[in-house]
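*Asks:* Need a 3D model of the following:
(chains A and B)
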There are 2 protein chains.
Amino acid sequence: MSKNNSTSKHIIILGGGFAGLWAAKELGKKGQYQVTVIDRNNYHLFQPLLYQVASAGLEPEQISYPLRGTFRKMPNVEFRMAEVTGLDLDHKALITDVGRIKYDGLIIALGSVTNFFGVPGAKKYAFSLKNAEDAIDIRNHILSCFEYAQYESDPDLRNQLLTFTVVGGGPTGIEYVGALAELVHTSLRRDFSELAKEDIKIILIEGEDEPLSGFPEKLQMYTMKKLEKLGVQGCYKQHVVQVDVDKVTLNSGEAIPTRTVIWTAGIRGNKVAERMGMPLGKAKRIITTPELNLADHPEVFVAGDIALPMDGDKLIPGPTVAPNAIQQGTLAAQNLANFFEDKELSPFSYFDKGSLATIGRSSAVVHLGKLKITGFFAWITWLIIHLLYLIGFRNRLIVLINWGFEYLLYERGVRLIMPKTKDTIPSEKTDEYDSSSIEGAALNKRSAE
Amino acid sequence: MSKNNSTSKHIIILGGGFAGLWAAKELGKKGQYQVTVIDRNNYHLFQPLLYQVASAGLEPEQISYPLRGTFRKMPNVEFRMAEVTGLDLDHKALITDVGRIKYDGLIIALGSVTNFFGVPGAKKYAFSLKNAEDAIDIRNHILSCFEYAQYESDPDLRNQLLTFTVVGGGPTGIEYVGALAELVHTSLRRDFSELAKEDIKIILIEGEDEPLSGFPEKLQMYTMKKLEKLGVQGCYKQHVVQVDVDKVTLNSGEAIPTRTVIWTAGIRGNKVAERMGMPLGKAKRIITTPELNLADHPEVFVAGDIALPMDGDKLIPGPTVAPNAIQQGTLAAQNLANFFEDKELSPFSYFDKGSLATIGRSSAVVHLGKLKITGFFAWITWLIIHLLYLIGFRNRLIVLINWGFEYLLYERGVRLIMPKTKDTIPSEKTDEYDSSSIEGAALNKRSAE
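*Replies:* Down below sits the predicted model:
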């Protein structure tokens, strides 16, 4: 193994997301450590643009970058594709599906998964939007709903197929619901010209009074108005109490008939942390010291969405967003090196570079300190920042081309049900379909669950 | 249904490949017919570039185009996503997974599937390269082989994982084996820098003396030399007698240890034709009149790979390639219209526009009448023709960018194992892996079959 040096300390970084990748970049500068990055996927996924994959605007390949490509330039960093199944803290060994791997130092950056908060049926019937497979599933599902709805003779089923609900009015929910409304009312209504605008319902369900909780009120009001203009129906001050195959039920008792529930309402720590026997806090995230390591095992650091840094009983604040993960990943790497070198560790504090969210074309909100921008300029700011953080020049170029086409032609290019990994299961109805009376009946895959 | 007119004849086109799409384009010009195109996928796939998806050079999305997008411009053509399960010829009704659909005229353009010629184990263990899912599977499999091989301690298994065989030396086999050799010896050897060139074997198995049977000898010799230069080992005058999970056995008795067998050696008619009770000839293709319709049901036409036009006992020649499918699809549409209008039908004859195949960068063979070109100019010809036939300006632009990057940087951008639809199943070995002695063991998915 040319990349390894048997006398140097071996550091394992678990996860190639923002926290893990920035930790690796930091340690890549320190040639004295031998670093192994482990991920179940062989690529880094740019999650902030995942919602555009789920709305047929971008190819999943364009927001992904091969991790090995990144590490080519770092002679002391190697990649290994593996699934982590456990951790032997006392023997400093990681347990994976391809064997035990020993370490001297460990950085856990496994990220988060969707938190369904135990709502009955949510895990089974609602879609997550956390990884590439999720986004492809959602895109394929929504396009299939339209394909089946067009020839569906049962008006109730047709209504379910053409009603799309998004749960959670945070930045992810807002960005997705805006992109979905644009996909539906531009590209898809041209593809399915028989469908009337009022046949299609797009509904945002949010527990607070307004979307984008935590943003200044001015930006919230702007967002609300923009969503309305895009044809998104807002169900505010409501939360979901149950999800079924054909409806979502709110705490008011109202049941919305739908085949599509996209759940963006919360996250929790990756489940692997439980199997590792880590000290877990709120939302199953791993409790760390202010310096981001474990109190009992100072050689183990945690960074990103899965980390819950605590100063005694007090939570050290920071949102579960990419900039926070990048800052934590970088600090965890520096602190781990300091730990090996018997230097003092620095406590983490989140440096807020601002928050931003886009709401359809030419619209966004940017909140940076006292600065609150909305509209076209905010949207351009959003575009530039996302392009800059996207990895790979080729990816940037192709994303830019896709955005250009979208902007000029009001078109989403990736309206492809591909790959077909799940069967679409038709109902037993076999209405006659002939040249004068076209009828048919089909239920989508989720009807069989 | 705004697109339908209850008094006009209803024509169903089965399949949105080259034959079906060109038939639809032809009938799109004739507004008096109401046309329904049925396909199991909602997109047209540009099969001639599929091998570049399977070799991580192109995204599958870039060689696909939404069929509804194409038919927007044709007011009398509509699309319906459905799976065909049978045909009721006497009642002129198609049986699909979403119900029966009546027709006045039918064009069957279902295409072909891989022909394994009954070789034991081939269907189970060899990969097809016929649709988007196939290509994604192959790409994911090959990248996974490298991921597992790098840490595999068993030398036999490692050798199997790093030996790649392609069966069939026709244009598809040649183009794929060339692209695979380039992927492996440029991008992947930079990603897996510990692997030596001689660790990796790429083997072409072909029954004839030379590759590209049917091409002039000069072009065959050029191809052979080019393949050798790319590091492809040729097994000529050999055919496969058995495929197992860990080897492929030739008629000479030689067994090549491998986990990867890509089967490009033959095609046969889509299996739906059997269920339809069609008259089948060689390779289960549907026997038609010289005018491309059925002798007993003149309102049913057949076009593309699935058609076997016969003049009495004599086969009407024509290769199973895109230009032939386009010519047959166009003629089938014209003849069907003539049939409705009581005009005379024209017999099919294939107009040979030439054959071409590329063999890695800057190399191709072009055969057009007496013209036989090889090398850079042939390669440029190949590039231009493929770009022109690809549908969608955005697709062309992005494919061109990918080719540019590939050419300039010797790099394949889509080295992504995505989406993960099949589990990779590790072996039970759990060798210790630490900083001084890295060992692990994993078998890929196919080991469990």
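*Asks:* buried ones in stretch A:187-205?
*Replies:* A:187-189, A:191-192, A:195, A:199-205 (16 or more other CB atoms under 10 Å in any protein chain shown). Just so you know, the C-beta spots here come from the backbone N, C-alpha and C atoms, and that holds for glycine as well.
*Asks:* How about that stretch and chain B, any contact?
*Replies:* Yes. Stretch A:187-205 comes into contact with chain B (CB under 8 Å from any CB of the partner chain), by way of A:Arg190, A:Asp191, A:Phe192, A:Ser193, A:Glu194.
*Asks:* what does the stretch 151-300 of chain A have sitting close to chain B?
*Replies:* A:Tyr151, A:Arg190, A:Asp191, A:Phe192, A:Ser193, A:Glu194.
*Asks:* Identify the residues contacting the closest residue to chain B within the stretch 151-300 of chain A.
*Replies:* Residue nearest to chain B within the stretch 151-300 of chain A: A:Asp191 (3.9 Å; CB to the nearest CB). By CB atoms under 8 Å, 6 or more residues apart in numbering or on different chains, the contact set of A:Asp191 is A:Phe146, A:Arg415, B:Pro66, B:Arg68, B:Gly69, B:Arg72.
*Asks:* can you pull the pLDDT of it?
*Replies:* pLDDT recorded at A:Asp191 is 96.
*Asks:* B:Arg72 versus that one, what's the distance?
*Replies:* Using CB to CB, to the nearest Å, A:Asp191 is found at 7 Å from B:Arg72.
*Asks:* Check the buried residues of stretch A:187-205 and tell me the two furthest apart.
*Replies:* A:Asp191 and A:Ile205 (26.8 Å; CB to CB).
*Asks:* Let's have the buried residues of stretch A:187-205 in JSON lines, adding secondary structure.
*Replies:* JSON lines is the format used below for those (DSSP: H, G, I helix; E, B strand; the rest coil):
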{"residue": "A:Ser187", "secondary structure": "helix"}
{"residue": "A:Leu188", "secondary structure": "helix"}
{"residue": "A:Arg189", "secondary structure": "helix"}
{"residue": "A:Asp191", "secondary structure": "helix"}
{"residue": "A:Phe192", "secondary structure": "coil"}
{"residue": "A:Leu195", "secondary structure": "coil"}
{"residue": "A:Asp199", "secondary structure": "helix"}
{"residue": "A:Ile200", "secondary structure": "coil"}
{"residue": "A:Lys201", "secondary structure": "strand"}
{"residue": "A:Ile202", "secondary structure": "strand"}
{"residue": "A:Ile203", "secondary structure": "strand"}
{"residue": "A:Leu204", "secondary structure": "strand"}
{"residue": "A:Ile205", "secondary structure": "strand"}
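*Asks:* Name the nearest of these relative to B:Glu291.
*Replies:* Looking across those and measuring by CB to CB, the closest to B:Glu291 is A:Asp191, at 34.4 Å.
*Asks:* Now do the least confident helix or strand in chain A by mean pLDDT: everything it contacts.
*Replies:* Ranking every helix and strand in chain A by mean pLDDT, DSSP states H and E puts helix A:272-275 at the bottom, with a mean of 89. Outside helix A:272-275, the residues that touch it by CB under 8 Å, 6+ apart are A:Val84, A:Thr85, A:Gly86, A:Ile108, A:Leu110, A:Leu280, A:Lys284, A:Arg285, A:Ile286, A:Ile306.
*Asks:* Could I get those in a markdown table, plus columns for secondary structure, distance to A:Pro211 and neighbour count?
*Replies:* Output for the contacts of helix A:272-275, formatted as a markdown table (DSSP: H, G, I helix; E, B strand; the rest coil; distance: CB to CB, whole Å; neighbours: other CB atoms under 10 Å in any protein chain shown):
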| residue | secondary structure | distance to A:Pro211 | neighbour count |
| --- | --- | --- | --- |
| A:Val84 | strand | 36 | 23 |
| A:Thr85 | strand | 39 | 12 |
| A:Gly86 | strand | 40 | 14 |
| A:Ile108 | strand | 32 | 33 |
| A:Leu110 | coil | 29 | 27 |
| A:Leu280 | strand | 30 | 17 |
| A:Lys284 | helix | 26 | 19 |
| A:Arg285 | coil | 25 | 24 |
| A:Ile286 | strand | 30 | 24 |
| A:Ile306 | coil | 26 | 32 |
